[in-house]
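Enquirer: Structure for this input, please:
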Amino acid sequence: MLLTGVTGFVGLNILVELLASTSADIYLLIRADNETLAKERLFEALENQLISADIFDEKRIKILAGDLAKPLLGLSTEKYEELTELIDVVHHAGSAVNFIQPYSYMKAANVDALYTLIRFITTHQLKQLSLLSTVGVFSWEHYFTKPALIMEDTDTKSAFKYLSRDMGYIQSKWVMEQVAQEAIKQGVPIVIFRLGYVFCHSLTGATAKYQWWGSLIKTCIQLKAYPILIDQKEELTMVDFVSKAVTYISKNPDSIGQIFHLSPEPEDNMTVTEFFELLREEFNFDLKPVPYLEWRALWENDENSPLYPLLNLFKFVAYDNKSIIEVHQNTPDFDISNTKKFLEGSTIENKTVKRDNVAAFCKYLGVL
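Expert: Next comes the predicted model:
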């Protein structure tokens, strides 16, 4: 099988699960100029995510130095052709994740790469593709339609008119899903997984330090204040649940052509306010709720603030003089019925955000 995005947070944990739950050889496509540098990137990611390098099985793991955003995955014609005949399953966790850059910047890695992979999985023999997407593809349509629950089979096309004021990342993921859906109609075996915000590993607390949630927590702890955001949920999901669910569900042939939300049960979907209240009540952080604009004013001119590089996310006006963050208040929940049905009989637990994993997360970030 082929795995992309292995040096990323989710992709690396999928590798761990694939090694544990299958006997397959696993080809890892890593962006690098050569295999030595690619292997260095992999081991650096293992260290950063507190995963033992002992999982590296030289007999099963095959390193490919390439690039998703380039023709033929950045591989030589010979290697690409060889793989089209050899690979039978692709797990596509590779993605450009950036909440500031425009669509034009994200397109190559998130949209063009999918076209390349569709050509790859339809060459010589059909190969199954597990595609990782995001519940964010619904953009901020809920600001107007106010659904309580978004189903796994809800059509995303109506979100199109809101995308022009959304992040380039979300725009690229929305287009990526449209491409995948059209391919599915043509008989291409694709399984779509829409992820909530992948928070941390439930046991180690390891997280993606480059993502915005950790920077938000650090900033609020420094300021001793957090923003008042009404019923804003981030679908905080554990990476070990996501990786186990993806590898387990994708083995079921009935999953082909279907969509799975990997997000919390509605009753477990913690709001931003509830998260900060947990920090305050369980860990005695000195935190107080502050109106959003007052809170933003505390750090928006501080270049040393952890959130400063993401200022546009909190300041760029999306609609009605509100930023992207603000229009995502009163967030709906996401139905996970299909996910639950396909996980029946397994031991995979959709772990909720609790004191222990939040403590591990805070220790990993160095704030506790």
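Enquirer: what about the residue located most distally from the centre of the chain, which helix or strand?
Expert: Ranked by distance from the centre of the chain (Cα atoms, centre = their mean), the top residue is E78, with 31.9 Å. Assessed by DSSP states H and E, E78 sits inside helix 77-86.
Enquirer: mean confidence for that helix?
Expert: For helix 77-86, mean pLDDT rounds to 97.
Enquirer: now the residue farthest from the centre of the chain: how far from L72?
Expert: Taking Cβ to Cβ, to the nearest Å as the measure, E78 falls 10 Å from L72. In this view, the C-beta of every residue, glycine as well, is placed from N, C-alpha and C.
Enquirer: my read: V89 touches L18, true?
Expert: No - assessed by Cβ atoms under 8 Å, V89 is found out of contact with L18, at 9.4 Å.
Enquirer: who touches both of those two?
Expert: 1, 24 (Cβ atoms under 8 Å, 6 or more residues apart in numbering).
Enquirer: Surely T219 forms part of a helix?
Expert: Yes - T219: assigned to a helix according to DSSP: H, G, I helix; E, B strand; the rest coil.
Enquirer: which one is it nearest to, not counting chain neighbours?
Expert: Closest residue in space to T219, ignoring its immediate chain neighbours: L307 at 4.4 Å, by Cβ to Cβ, 6 or more residues apart in numbering.
Enquirer: how close does that neighbour get to K315?
Expert: Taking Cβ to Cβ, one finds L307 at 11 Å from K315.
Enquirer: between these two, which one's more packed in?
Expert: L307 (21 against 13; other Cβ atoms under 10 Å).
Enquirer: and the more buried one, what pLDDT?
Expert: Confidence score, pLDDT, at L307: 95.
Enquirer: Wait, it touches W299, no?
Expert: Yes - contact criterion Cβ under 8 Å: L307 and W299 qualify, at 6.1 Å.
Enquirer: List the residues that are in contact with both of those two.
Expert: Counting by Cβ under 8 Å, 6+ apart, the common neighbours of L307 and W299 are T219.
Enquirer: L132: which element?
Expert: Assigned by DSSP H and E, L132 belongs to strand 128-134.
Enquirer: Now for the protein: which helix has the highest residue count?
Expert: Scanning the chain for the longest helix, with DSSP state H as the assignment, gives helix 168-185.
Enquirer: what's the angle between that one and strand 128-134?
Expert: For helix 168-185 against strand 128-134, the angle by axes from the mean of the first three to the mean of the last three Cα atoms, to 10 degrees is 150 degrees.
Enquirer: Now the element after helix 168-185, going C-ward?
Expert: Next in sequence after helix 168-185, counting helices and strands by DSSP H and E, comes strand 190-195.
Enquirer: That next one pairs with which strands, parallel or anti?
Expert: As defined by DSSP bridges, the strand partners of strand 190-195 come to strand 128-134 (parallel), strand 259-262 (parallel).
Enquirer: what's next to that strand, contact-wise?
Expert: Strand 190-195 is contacted from outside by 10, 128-135, 137, 152, 177, 180-181, 183-184, 237, 242, 245-246, 249-250, 255-263, 334, using Cβ under 8 Å, 6+ apart.
Enquirer: Same question for stretch 284-293.
Expert: With contact meaning Cβ under 8 Å, 6+ apart, stretch 284-293 is reached by 220-221, 224-229, 273, 276, 279-280, 298, 325-326.
Enquirer: Please, a PyMOL command that selects the buried ones among these?
Expert: To isolate the buried ones among these in PyMOL, judged by 16 or more other Cβ atoms under 10 Å, type:
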select buried, resi 220+221+225+226+227+228+229+273+276+279+298+325+326
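Enquirer: Which ones among the contacts of stretch 284-293 map onto helices?
Expert: Short answer: the contacts of stretch 284-293 in helices (DSSP H) are 220-221, 273, 276, 279-280, 325-326.
Enquirer: Need these in a markdown table (columns: pLDDT and distance to R355).
Expert: Formatted as a markdown table, the ones in helices among the contacts of stretch 284-293 follow (pLDDT from 0 to 100; distance: Cβ to Cβ, whole Å):
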| residue | pLDDT | distance to R355 |
| --- | --- | --- |
| C220 | 98 | 18 |
| I221 | 97 | 17 |
| T273 | 97 | 17 |
| F276 | 98 | 14 |
| L279 | 97 | 10 |
| R280 | 97 | 12 |
| I325 | 94 | 26 |
| E326 | 95 | 29 |
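Enquirer: is it possible to export these to JSON lines including distance to R31?
Expert: Listed next are these as JSON lines, based on distance: Cβ to Cβ, whole Å:
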{"residue": "C220", "distance to R31": "33"}
{"residue": "I221", "distance to R31": "33"}
{"residue": "T273", "distance to R31": "38"}
{"residue": "F276", "distance to R31": "36"}
{"residue": "L279", "distance to R31": "35"}
{"residue": "R280", "distance to R31": "40"}
{"residue": "I325", "distance to R31": "30"}
{"residue": "E326", "distance to R31": "35"}
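Enquirer: Got phi/psi on the residue lying closest to L73 once chain neighbours are set aside?
Expert: If the residues on either side of it in the chain are set aside, L73 comes closest to G66, at 4.7 Å by Cβ to Cβ, 6+ apart. G66 has phi and psi values of phi -160, psi -150 when expressed as degrees, to the nearest 10.
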